[in-house]
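Trainee: no sequence for this one, just the structure:
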């Protein structure tokens, strides 16, 4: 998930950077067009002033010529050649024209220099865009490869979970609400059907996504070995053996620098002959709905893994009655943020939800759908799932 999130963050940053570059280029182009218009207006005004001043000079010359004729200073037949003192105003006009021309040339040079810099910047931006596009394509390819790998991992993880046919054979009625946060999950459920017992377990591994999925595969493997090879059947001893195997596999001895990975787990063992159920929990409790009320069986406050104060896992023996409904779950559902105030759903609200579902006489299939609907409404459009979620409700007889 960390790599996935990093790729997405980098992709977002690249897109933002391209947008910023496009805005810069657009603003530069706009400024260039504005400058071109100003230069065009200056040139047009300059040419208009030149025409006007030339016309004015000729008019003044005509007036002066006629004046000289009247004084007899020039020959009326040779009106284009005459002598008179230089008009200081005319000199000033010529000087101003020369000055404006120099200014125009200076503005033209500045414009050409700015245009050159804009062109160089445009080339640099184009090259940077090509580099970003290339990097973006590489990130998209890498993301696709990783996603395809995780999707394949989900197929493997799903195959490790109990088949629907097996669950249908063992349980009278049930629902399984399993919602991974990141395609694959650190929460898993496990079932083993033996001649005289049926064992059902729900676990919440450290982490979620790919790391959690690795731990779940490890947990499933350990459960299969404990039941099939070591023939351990008691619920509390299953947890004890699980703890030993997790600590041994992860090389946990209790020092601070070591990994504290492990899992929370609830294990139920149903004895088909005596019609009772034995429960043991490592941080995960069991809830029983019976005769209009919820009964909670507390878990031992120890994980399956290394812990600062390790204690033995306790077990509860429950005589089964008709219509008993049992609930096993991870903490993901209760810990989701949402609602109007952005708070956690909470364990008390979760228990109240289970009670209402039963008081409303919903079937277990209907309860699973209602739980899903409740969480979607709780998250809404504002909040996103922060943890894997797993809730299992079942009837034994």
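Mentor: Good, I have the coordinates. Note that the coordinates shown come from a computational prediction; the quantities given were computed from them, not determined experimentally.

Trainee: Strands of the stretch 151-300 of the chain, residue ranges please.
Mentor: 173-179, 187-193, 197-205, 263-271, 276-282, 286-290, 293-297 (DSSP state E, counting those that start in this stretch).

Trainee: Quick one: closest of the ones you listed to residue 152.
Mentor: Distance to residue 152, taken as CB to CB, is lowest for strand 187-193 among the strands of the stretch 151-300 of the chain, at 17.5 Å. All C-beta spots, glycine's among them, are computed from the backbone N, C-alpha and C.

Trainee: So which elements touch the closest one?
Mentor: helix 164-170, strand 173-179, strand 197-205, helix 209-228, strand 389-395 (3 or more CB pairs under 8 Å, 6 or more residues apart in numbering; DSSP states H and E).

Trainee: Which neighbouring elements make contact with the third one?
Mentor: Identification of packing neighbours for strand 197-205 by 3+ CB pairs under 8 Å, 6+ apart yields strand 187-193, helix 209-228, helix 235-249, strand 263-271, strand 325-329, strand 389-395.

Trainee: likewise the first one?
Mentor: With contacts defined as 3+ CB pairs under 8 Å, 6+ apart, helix 164-170 has these neighbours: strand 187-193.

Trainee: Which strands border the strand it packs on, and is each parallel or antiparallel?
Mentor: According to DSSP bridges, strand 187-193 forms sheet pairs with strand 197-205 (antiparallel).

Trainee: Now name the helix or strand holding residue 140.
Mentor: Using DSSP states H and E, residue 140 sits in helix 88-160.

Trainee: For that helix, the averaged confidence score.
Mentor: Across helix 88-160, pLDDT averages out at 76.

Trainee: tell me the domain ranges of this structure?
Mentor: Residue ranges for the domains of the chain, per automatic domain parsing: 2-153, 162-395.

Trainee: Next, the contact list for residue 282, please.
Mentor: 239, 242-243, 263-266, 299-300, 302-304, 313 (CB atoms under 8 Å, 6 or more residues apart in numbering).

Trainee: And the pLDDT at it?
Mentor: Residue 282 is given a pLDDT of 97.

Trainee: give me the beta-bridge partners of it?
Mentor: residue 265, residue 300.

Trainee: same deal with the one 4 residues further on?
Mentor: On the basis of DSSP bridges, residue 286 is bridged to residue 297.

Trainee: ok so, going back, just name the most buried of the domains of the chain.
Mentor: domain 162-395 (a mean of 18; mean count of other CB atoms under 10 Å).

Trainee: now it: how far from the chain's centre is it?
Mentor: Put simply, domain 162-395 sits 28 Å off its chain's centre (CA atoms, centre = their mean, to the nearest Å).

Trainee: now do stretch 143-151
Mentor: 16 Å.

Trainee: Ok, stretch 377-396 next?
Mentor: 19 Å.

Trainee: quick one on the thing from earlier: and the domains of the chain, which one averages the lowest pLDDT?
Mentor: domain 2-153 (a mean of 65).

Trainee: quick one on the thing from earlier: between the helices and strands packed on strand 187-193, which one is nearest to residue 353?
Mentor: strand 389-395 (9.8 Å).

Trainee: The closest one pairs with which strands?
Mentor: Strand 389-395 has these strand partners (DSSP bridges): strand 173-179 (antiparallel), strand 325-329 (antiparallel).
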